[in-house]
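Colleague: Based on what follows, work out the 3D shape:
(3 chains)
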Amino acid sequence: MQFVLEKRAERSNTIALVSPLIAIGLTIVTMSILFLILGKNPISALIVYFVDPLIDGYSLQEIAVKATPLVMIAIGLSLCYLANAWNIGAEGQFLIGAVAGSWLAVKTQGTDAGHWVLPAMLLLGAVAGALYALIPAICKVRFGASEILTSLMLVYVADLFLDYLVRGPWRDPAGFNFPTTAEFDPVATVPLLVEGGRLHLGAVIALLVVAAGAVLLGRTIKGFEIRVVGAAPRAARFGGFNANQLVLLTFAISGALAGLAGIIEVAGPVGHLQPGISPGYGFTAIIVAFLGRLNPIGILIAGLFLALTFIGGEQAQIAMKIPLDVTKVFQGILLFYVLACDSLILYRFRLIFPSRKVA
Amino acid sequence: MLDSTPAALRTAGTPLLQTVGLTKRYGSFLANEKIDIEIWPQQIHALLGENGAGKSTLVKTIYGLIQPSEGEMRWQGEKMVLSGPSEARARGIGMVFQHFSLFENLTVAENVALGLDGKESFRDMSARLEQVSNVYGLPLDPKREVWQLSVGERQRIEIVRALMQDPKFLILDEPTAVLTPQEADQLFTVLNRLKAEGRAILYISHKLEEVKRLCDTATILRGGKKVSTCNPKAETAASMARMMVGGDIKQVEAAARRQITVPRLVVNDLNMAPDDPHGTRLEHISLELKGGEILGIAGVAGNGQDELFAALSGERLAQDPGTVVIEGIAAGHLSITQRRKLGAAFVPEERLGHGTAPRMRLSENALLTGHAASGMVQHGFVNTAATLKTVDRATETFDVRKARRDPEAASLSGGNLQKFIVGREILRNPAVLVVSQPTWGVDAGAAAVIRQALLDLAAAGAAVLVTSQDLDELAEITDRIAVMFHGRLSAPLATAEASRETLGLLMGGSSLEQKEAPHAVRA
Amino acid sequence: MELVEAIILSVLAASTPLLLAATGELVTERAGVLNLGVEGMMIVGAACGFGGAWLSGSIIIGALCGIVAGTLLSLIFAMMALGLAVNQVATGLALTILGIGLSGLIGAGFVGERIAPAPHLHIPGLTDIPFVGRILFGEDGFVYLSLALVVAVWWFLYRTRAGMVLRACGDNHASAHALGYPVLRIRLYAVMFGGACAGLAGAYLPLAYTPFFIPGMTAGRGWIALALTVFASWRPGWLVIGAYLFGAVTILQLHAQGWGIGIPSQFMSSLPYLATVIVLVLISRARTGGSTAPAALGTTFVPDR
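Modeller: Take a look at the predicted model:
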């Protein structure tokens, strides 16, 4: 007996809509088994993960706060992946953006600087992220070096650079030797949307990014170019689209969005620069991008869903002593199921039985 | 149905290979339907049919690559079920593929070894390889890597590899598609020798004159079914074509007289190193094409046609702007988009992946080449209605058959997709159309539509450049023919005066009068 | 002199996991499959390897656990990329993310525990030769195994028929299929071998390199191993050179940190990663005439029937 794939004549639109749901369903089943292995009650665990955070108003805000960087980064990544340019270094671009914006915050600390500080910080973050992303892009375009490996190596470099800054030159002298800068001044902080809550301006920016992404990909010729260059590079060349330029462009946009997310995260929820400002947003955003099927609206939904799992994971650790690593495992398994179910869009599965021999 | 098996052979016993009711189904599509065919030893048996008739499917089933859905095969009278090609080879069935199954970065010896079963040592096999290839007049150097070899040499590897198994039955799938007429003659000598040795040969081809010369009997497939068996020597090419297509093909009509006007595409001493180390360098290419003219470029694949297309289209830029002149404007340094704005249009050889993005819809593929100059893009935004309009117009004008209004490109059959591709370019009223292999792998009906479209376009005043490996096609539609060999272009000959022999010699590299196109005057 | 000897010994140790993982990936890529999940397979190998050794008291059992863990993880990759024709890049990334999470889960119970590290060879007389003795005859089993493995892989690829068939699959899977070779099955074996090697490489870290386990102890070595296969142009001989070069960079920067040069330690720590980027750029530039990568690398293959 053999399991074979048959290419469909055209992609199946019904499967395209249904497959994320199937993937989530399968993941929940697998996670239940994992909970059982860990000796936890699957039903209670699932409720703590997925239901409890939705009931509490504070958790809902937390979800939006956590989703903001995920969605912003993932939109940028989706542009790269559609163009078949694999930016794996979003985490590094996030950190560099945070560093660049923080530089201005640290520089103007204690001075009576005006309200121009925050917008300038955001701009710096975006520009720095874009430039950092252009390094692997240029290595690919000019030298043919694998952007997967170069962008990833730069993550480690960015991480170490940040570590050096907060332990060294930027360390808060009044901070009891903790590796962190001083708290940012109010002009250098992202304003809250709701007084006393957690929701901040970054969420609005994220929504704008989603809208911009949707328009770019769905309506413009540039978006078309990006999609073709990834789907059929030789046809793209025939259409007059410059693959190198598109790689540079998508990496720059993606780096800018990651850098922007970085500085927003630092100047918003965290309030100062320290190591570990990212619990792996740059990598989780990769999952968000795929789960959202590289589509802006899909990414928005996927980002919210994965943010939910982060919050759920934290609560599960407190309430049921489930290790935080389970969240990572969940995300990895979810990505696998999404990719597997997506295969059904292009292929049909068949089981072939060997032909019976006639006597 | 005429039964042409010589009585003498029939009395010798059972056929070497026989298929009974062989059927292959893909979903609801019947690629082969109840095919009965008999192969006898010491015979060259032709398998005829147009593209899509089911010849490849049948042959792959016989070779064990595909499992039949119904029916059976009998080898020397006994039922045969093949689990794969190695079992077919063990029985004595050999196959020379149309699209070579070779490994570019491995040596000739390694390629041959991979087609055999590995029972002998590599060293013994290499020695035997040299011996067999010399015996049959197909010399090969075991140590060379395949990417360095010409198309004809690569085919030799395929043939020698099959011969080293001492096959009783050899299948050849369109072997002369990539050969010059002289190389084809050499091949026929080898095949006749194999026949004399008592082997059976199944010869797939759509070149009817060739089949008449070479083959003893022919089976004709149409739409997946066998429609007749005949003796090619007793038939005419026209009668066999009629059986293949099931009717008379609409004859292509050239306009009574075409007005030849000004030069619309001029190439001046174009030299270009290839992108790819395995490619061909273009050397001193010059040509002049006037409005109303159709110029054909003949030549065996791999002699620089792809490189020339890329240079003309702008996918590769020339150093000197004056080397390519479109509508009187130096264009060698202009991108493909800019050349389209000047009024040029291009149809590449590869439909899926080059001419279109396979998994994108036809409207998006219309946008692919139309974005520059067809009102499809306004201020950076795409006008979807305009792209759909192009799809509708192309569908109507060129009779493109499809399942819905705007399907994915890959879901169309070869002929229909080619009609769309040619159509979307012609609808832009180009001044210059450069088209490569316009009817490769396309059914006869679509081929006729496409050739007529090219003729009509020229009649309307455009300059048309057609590159083709099919000399019959070029003879039918072109005014002049030039030949490409090793990156050089011969001086064009008037089609009416160019004999197959002359063209064949030029395609093979020898030139009767060492003529090359003079270095033309710059624009 | 003793310092140089100590440095060379530590370079050999640092290079061994790179060499092991890269050798496995080389075979995988030669068959035409790009498995980016090396880091994930390595880190799971580390967790399982340590766990196995700690629970059983035997280094060999630990190593076997690492191998099995890496292989099982690679099977998930194979199922997706080969069985379901999913994009290989996405699948590899997913495998890494999953692997990191799994290793955290599995290894959580072992953090803080210690085991006796893998024993080093000691041949009386040979090992005692000053300077050369310990380098050549005093290494632990993994080091010798890694070198033997490279030689075995070289011989397999270039001197056996099976190896030739594997190379053919990586060159042109359509041709290999047309000739009747089971391309997907061959690729499956290649992927499994890659997983086994990555698992073993990961297990090496807590079993011999440092005799304890910390989460994330692979620190990107899996990615460096991927870069190594590119650097080596998919040839085993060059893989050894590349692995030892990278090992040298890693060790030298560690020592340099202790020399009080005044350069921040974080910069020194980033040297191996920067070196990887530079090497990738240089090696890709040197091959501008067209890469020597297996022609079918990373492309999906769905056989027709």
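
Colleague: Excluding chain neighbours, what is closest to B:Thr478?
Modeller: Nearest residue to B:Thr478 in three dimensions, chain neighbours excluded: B:Gly296, at 3.5 Å (Cβ to Cβ, 6 or more residues apart in numbering or on different chains). Bear in mind the C-beta positions are built from the backbone N, C-alpha and C, glycine included.

Colleague: Toward the C-terminus, what is the element adjacent to the one helix or strand the one you found maps to?
Modeller: Using DSSP states H and E, B:Gly296 falls within strand B:294-298. Next along the chain after strand B:294-298, taking DSSP H and E as the criterion, comes helix B:305-313.

Colleague: what helices or strands is that following helix leaning on?
Modeller: strand B:263-272, strand B:282-290, strand B:344-347, strand B:432-436, strand B:463-467 (3 or more Cβ pairs under 8 Å, 6 or more residues apart in numbering or on different chains; DSSP states H and E).

Colleague: could you check the distance from the residue nearest in space to the middle of chain B over to chain C?
Modeller: Nearest residue to the geometric centre of chain B (Cα atoms, centre = their mean): B:Trp440, 4.7 Å. For B:Trp440, the distance to chain C (Cβ to the nearest Cβ, to the nearest Å) stands at 18 Å.

Colleague: next one: B:Leu457
Modeller: Distance from B:Leu457 to chain C, by Cβ to the nearest Cβ: 36 Å.

Colleague: So that residue belongs to a helix, correct?
Modeller: Yes: assignment of B:Leu457 by DSSP: H, G, I helix; E, B strand; the rest coil places it within a helix.

Colleague: That one and B:Val464 touch, don't they?
Modeller: Yes: the criterion here is Cβ atoms under 8 Å, and B:Leu457 meets it with B:Val464 at 6.0 Å.

Colleague: between those two, what contacts are shared?
Modeller: The contact sets of B:Leu457 and B:Val464 overlap at B:Leu433 (Cβ atoms under 8 Å, 6 or more residues apart in numbering or on different chains).

Colleague: More neighbours: which of these two?
Modeller: B:Val464 (29 against 22; other Cβ atoms under 10 Å in any protein chain shown).

Colleague: which residues does the more buried one bridge with?
Modeller: When assigned by DSSP bridges, B:Val464 has beta-bridge partners B:Ile294, B:Leu433.

Colleague: was I right about it contacting B:Gly296?
Modeller: No: between B:Val464 and B:Gly296 there is no contact under Cβ under 8 Å: 9.3 Å.

Colleague: Can you give me the separation between C:Arg161 and chain A?
Modeller: Taken as Cβ to the nearest Cβ, the span from C:Arg161 to chain A is 25 Å.

Colleague: what sits against that residue?
Modeller: Here C:Arg161 is in contact with B:Ala113, B:Gly118, B:Phe122 (Cβ under 8 Å, 6+ apart).

Colleague: list the contacts for whichever residue of the stretch 201-350 of chain B sits closest to chain A?
Modeller: Closest approach between the stretch 201-350 of chain B and chain A, counting by Cβ to the nearest Cβ: B:Thr337, at 3.5 Å. Contacts for B:Thr337 (Cβ under 8 Å, 6+ apart) come out as A:Gly240, B:Gly314, B:His371, B:Ala372.

Colleague: Which phi and psi values does it adopt?
Modeller: Per-residue torsions, B:Thr337: phi -70, psi -40 (degrees, to the nearest 10).

Colleague: again with the one 4 residues further on
Modeller: Reported as degrees, to the nearest 10, the phi and psi values for B:Lys341 are phi -60, psi -30.
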